[in-house]
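Undergrad: Fold the following for me, if possible:
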Amino acid sequence: MSIHFDKAGGPAGVGADVVGGKSLSRMFAELQMLASENAKTKAKDMMETIKRRQSRLKDAYAAKQALQGKLSDAGDDEAVDVNSTTFKDSFGKTRSLKDWMKENGLKLPTLGDKAKGEKLVLYWIKRSGHSPNDVIKMKKEDIKAAIARIDTKIESLGTDTQTQMIRLQDFMGQYNNFLQGAHKAISDGKQTLNTILTR
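TA: Numbering: from 1, shown residues only. This is a model prediction of the structure:
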């Protein structure tokens, strides 16, 4: 659907009243068009938000898969190093699992946590070429706990995305309703003018 505008900036075909001002039909149509543009802008913004959330959701699934790959390497008593574990994000870039977990507020146990603030242990960690921020080697139970935290993140992102989709549908419905209201006002205005002119 499209509406054509005249030189005065209003919808074409909906004339002025006898005193030279805008007719009520024309003013109503302009208000409806403005409201439809506002709804369209909100819908576009919501689409961008949903795209970002879906991208984050895809990253969470990739991070989970990378961590699941470490499960087979870990035994009940044998721990594995996840400091160098990476995955491809939604843009195809290689990401560090450790950094992604930290950015998303998902805790992995670090050497600094294990030291519990003991200066001698922290000194040994630094002296051995490690950082207190390095993730400790993880056993199977540690990896399962980290996967459970990622699952919680995935569930939260999925629920949030569904909520945003419902809001998007609402904005799209508003846009269509306002646009139809503008077309009806223009059509009614034209019909009134034609009736007056044919008398």
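
Undergrad: Give me the pLDDT for Q180.
TA: pLDDT for Q180: 88.

Undergrad: Ok, K140 next?
TA: Confidence score, pLDDT, at K140: 83.

Undergrad: go on, M165?
TA: For M165, pLDDT reads 92.

Undergrad: Neighbours of it, how many?
TA: Residues lying near M165 (other CB atoms under 10 Å) number 15. No exception for glycine: its C-beta is placed from N, CA and C like everyone else's.

Undergrad: show me the biggest helix of this protein in terms of residues.
TA: helix 140-197 (DSSP state H).

Undergrad: chain center to it: distance?
TA: Put simply, helix 140-197 sits 13 Å off its chain's centre (CA atoms, centre = their mean, to the nearest Å).

Undergrad: what helices or strands is it leaning on?
TA: Using 3 or more CB pairs under 8 Å, 6 or more residues apart in numbering; DSSP states H and E, the elements in contact with helix 140-197 are helix 24-71, helix 97-103.

Undergrad: what comes up buried for the following helix or strand past the longest one?
TA: If I follow you right, that is helix 24-71. With elements assigned by DSSP states H and E, the helix or strand that comes after helix 24-71 is strand 86-88. Across strand 86-88, burial judged by 16 or more other CB atoms under 10 Å covers T86, F87.

Undergrad: Any idea which of the helices and strands packed on helix 140-197 has the lowest pLDDT on average?
TA: Among the helices and strands packed on helix 140-197, helix 97-103 scores lowest, at a mean of 86.

Undergrad: still on that earlier bit, mind checking the helices and strands packed on helix 140-197 for the one nearest to Y175?
TA: Proximity to Y175 (CB to CB) singles out helix 24-71 among these, at 3.9 Å.

Undergrad: Centre of the chain to that closest one, how far?
TA: On CA atoms, centre = their mean, the centre of helix 24-71 falls 6 Å from that of its chain.

Undergrad: Can you spell out which helices and strands pack onto that helix?
TA: Using 3+ CB pairs under 8 Å, 6+ apart: helix 24-71 touches strand 86-88, strand 94-96, helix 97-103, helix 140-197.

Undergrad: what about the first one, average pLDDT?
TA: Regarding strand 86-88, the rounded mean pLDDT is 92.

Undergrad: who wins for proximity to S55 among the helices and strands packed on helix 24-71?
TA: helix 140-197 (9.9 Å).
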